[in-house]
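Asks: Return atomic coordinates for the entry below.
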Amino acid sequence: MKVVCDTVHARGHSMITGKHRNTIEITKDEYVTERGTCIIACSSDKAVKDLNSELRELLKNDNTIVIVKIITRNLSDIVICRGSKNLKLSNDRKIIIRRSRYVDDSTLCIEANKASIDIDRKIISMLCMCEEVTIKICAIDVSDILNM
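Replies: Have a look, this model is predicted:
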């Protein structure tokens, strides 16, 4: 079983609402507008294109489970999703976690168990106060388990 991880650093913004029902977005943009209800962090140091190449390779696999841990101060939340052979991972501005199977150039993973509305509200409150956030992304190839 192969496991590869990477870390993204970003911060919150006063306009973060975390109310979107289908996606979670982290962006390199320094601002958030009222329409950005999926955005939980901005001023990110990475987009999907910037992630570790070994992680990006593993994400492009239908047998990959992805664990995303969102950490602010002493609080954290975990999102579980999966990779896909259809991922492009070429966007240089954002990272998007999707509940659906939709894929575009910014999609990190699909079939997530959470969207931004499901993230711990204490974390969202902290992000509204422009707190720093660390996002740890780990991909696990479970091919061996599935082929038993």
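Asks: can you count the residues close to L58?
Replies: For L58, the count of nearby residues is 21 (other C-beta atoms under 10 Å). (Glycine included, C-beta is placed from N, CA and C.)
Asks: buried ones in whichever strand or helix holds it?
Replies: Using DSSP states H and E, L58 maps to helix 53-59. Residues of helix 53-59 classed as buried by neighbour count (16 or more other C-beta atoms under 10 Å): L55, R56, E57, L58, L59.
Asks: Same question for stretch 121-137.
Replies: I123, I124, M126, L127, C128, E131, V133, I135, I137.
Asks: Need the max-distance pair from the residues you listed.
Replies: C128 and I137 (23.0 Å; C-beta to C-beta).
Asks: Now do the same contact list for L127.
Replies: Applying C-beta atoms under 8 Å, 6 or more residues apart in numbering to L127 gives the contacts R11, G12, H13, I16, G18, I40, A41, T72, V133.
Asks: Contact partners for the residue nearest the centre of the chain?
Replies: By C-alpha atoms, centre = their mean, the mean C-alpha position of the chain lies nearest to I97, the distance being 4.8 Å. By C-beta under 8 Å, 6+ apart, I97 lies in contact with T23, I24, E25, V68, V79, C81, L108, C109, A112, A115.
Asks: how about the nearest residue to it, chain neighbours excluded?
Replies: Leaving aside its sequence neighbours, I97 sits nearest to I24 (C-beta to C-beta, 6 or more residues apart in numbering; 4.2 Å).
Asks: And the helices in this protein, which stretches?
Replies: Secondary structure of the chain (DSSP state H): helices located at 53-59, 121-128, 143-146.
Asks: Out of those helices, flag the one nearest D29.
Replies: Using C-beta to C-beta, these put helix 121-128 closest to D29, at 14.5 Å.
Asks: just for the protein, where's the confidence low?
Replies: Where the chain drops to pLDDT under 70, the residues are 146-148.
Asks: ok, which stretches of it are strands?
Replies: Under the criterion DSSP state E, the chain carries strands at the ranges 2-11, 23-27, 39-41, 64-72, 75-82, 94-98, 107-109, 132-141.
Asks: Mind putting those into a markdown table with distance to V48?
Replies: Shown next, in a markdown table, are the strands of the chain (distance: least, C-beta to C-beta, whole Å):
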| stretch | distance to V48 |
| --- | --- |
| strand 2-11 | 10 |
| strand 23-27 | 10 |
| strand 39-41 | 14 |
| strand 64-72 | 12 |
| strand 75-82 | 13 |
| strand 94-98 | 5 |
| strand 107-109 | 6 |
| strand 132-141 | 10 |
